[in-house]
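Undergrad: Structure for this input, please:
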Amino acid sequence: MKNLKGMHHVTAITSNAEKNYEFFTYTLGMRLVKKTVNQDDIQTYHLFFADDEGNAGTDMTFFDFPGIPKGTHGTNEIHRTSFRVPSDAALDYWVKRFDRLGVKHTGIEQQFDVKILAFEDFDEQQYQFVSDETNEGRPSGKPWSKGPVPDEFAITGLGPVVIRIADIDYFSAVLVDAMGYKKIAQEDNLYLFEVGEGGNGARVIVEFNDQLPQGMQGFGTVHHAAFCVRDKEELLQWQQRLETIGFRTSGYVDRFFFESLYVRVANGVLFEFATEGPGFQGDEPYETLGEKLSLPPFFEDKREEIEALVRPIDTVRSTKTFEKEYE
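TA: Alright, predicted model coming up:
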């Protein structure tokens, strides 16, 4: 079996799809590449923000479940999502930008062998930038060419998720024995794992924490993290491997934009395995990605019903010009 490639996407929960779109588009400068619905709950938007082309390993996606309460952070949760930026100088840019725009952040810190900048959004969803200044390993994506953030400072893809866990021995075994990661470093209660080509796009950070109460899922928290496989053949091999070990999986799921497999690997931690393709340009051209309500073919006969359930959100950007903002 081939190794996992690293991160595919992270899916979180927002309190408000409109505010989420505004924050990711105008503050973070990520491109909305798909506006669709949760295939398991068609009254719920599913927004995909990614790099310029919507490449696997660059996606941060959001559900806005109607009426869901605010989540609480604790242990046994996917606690924080990382975004890759090109350099240490990019972190300096983001400090100034966040100060100007009123985004709460911690300032630049060192985490293992990279510099980071932790921050949060209006829901207290937890994020951090990781600098690719000295990064080697899995390549990142491409900055949104027409977005407001200059290319030299812009987000290019996903870095490691940070997972808080109460049973570090068990969870280390999940990553190493079941998923093929290697433990490469430890700093106090933080453990760094890496897979495949390595580098920021192929890492997971585990925080051992048996003091905090159990995290509770809701808006402001992560729903699941997805790991990248090459194709359906590999996906089915992972299904067999995980089920042989003793995990219960969802079985194969066709999401149209990619193919998936889900497994709850620990209390509060849901992982997905997802294929690199087909991708997001099968039903929309590059120029207008994310501007229409996109539905997979197996939902097209329900379009009228779905459009009546979800409120319209104006996500047209192809007719707009974004000036590059240097702070």
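Undergrad: Please make it C-alpha for all contacts and neighbour counts, starting now.
TA: OK.
Undergrad: check contacts around the closest residue to F193 other than its chain neighbours.
TA: Spatial nearest neighbour of F193, excluding adjacent residues (C-alpha to C-alpha, 6 or more residues apart in numbering): K183 at 4.3 Å. Residues near K183 by C-alpha atoms under 8 Å, 6 or more residues apart in numbering: V176, Y191, L192, F193, E194.
Undergrad: T106 and F119 touch, don't they?
TA: Yes: with contact defined as C-alpha atoms under 8 Å, T106 reaches F119; the gap is 6.4 Å.
Undergrad: out of these two, which sits in the busier spot?
TA: F119 (19 against 12; other C-alpha atoms under 10 Å).
Undergrad: measure the more buried one to V195 for me?
TA: Counting by C-alpha to C-alpha, to the nearest Å, the separation of F119 from V195 is 26 Å.
Undergrad: hang on, the earlier thing: filter the contacts of K183 down to the ones in strands?
TA: Judged by DSSP state E, the subset of those located in strands is Y191, L192, F193, E194.
Undergrad: Kindly state the beta-bridge partners for the last one.
TA: When you say that, I think you mean E194. K182, R203 (DSSP bridges).
Undergrad: That one contacts M179, doesn't it?
TA: No: if you go by C-alpha under 8 Å, E194 and M179 don't touch, sitting 10.4 Å apart.
Undergrad: So which of these two has more stuff around it?
TA: E194 (24 against 17).
Undergrad: Go through stretch 19-33 and flag the buried ones.
TA: Residues N20, Y21, F23, F24, T25, T27, L28, G29, M30, R31, L32, V33 are the ones in stretch 19-33 that count as buried (16 or more other C-alpha atoms under 10 Å).
Undergrad: Please read the previous query as pertaining to stretch 162-170.
TA: Of the residues in stretch 162-170, those buried (16+ other C-alpha under 10 Å) are V162, I163, R164, I165, A166, I168.
Undergrad: Let me know the closest of these to V253.
TA: When those are ranked by distance to V253 (C-alpha to C-alpha), I163 comes first, at 24.7 Å.
Undergrad: got a list of contacts for the strand or helix carrying the closest one?
TA: Using DSSP states H and E, I163 sits in strand 161-165. Identification of contacts with strand 161-165 by C-alpha under 8 Å, 6+ apart yields 74-82, 171, 203-210, 225.
Undergrad: which sections of the stretch 51-200 of the chain are below the confidence cut-off?
TA: Residue ranges of the stretch 51-200 of the chain with pLDDT under 70: none are present.
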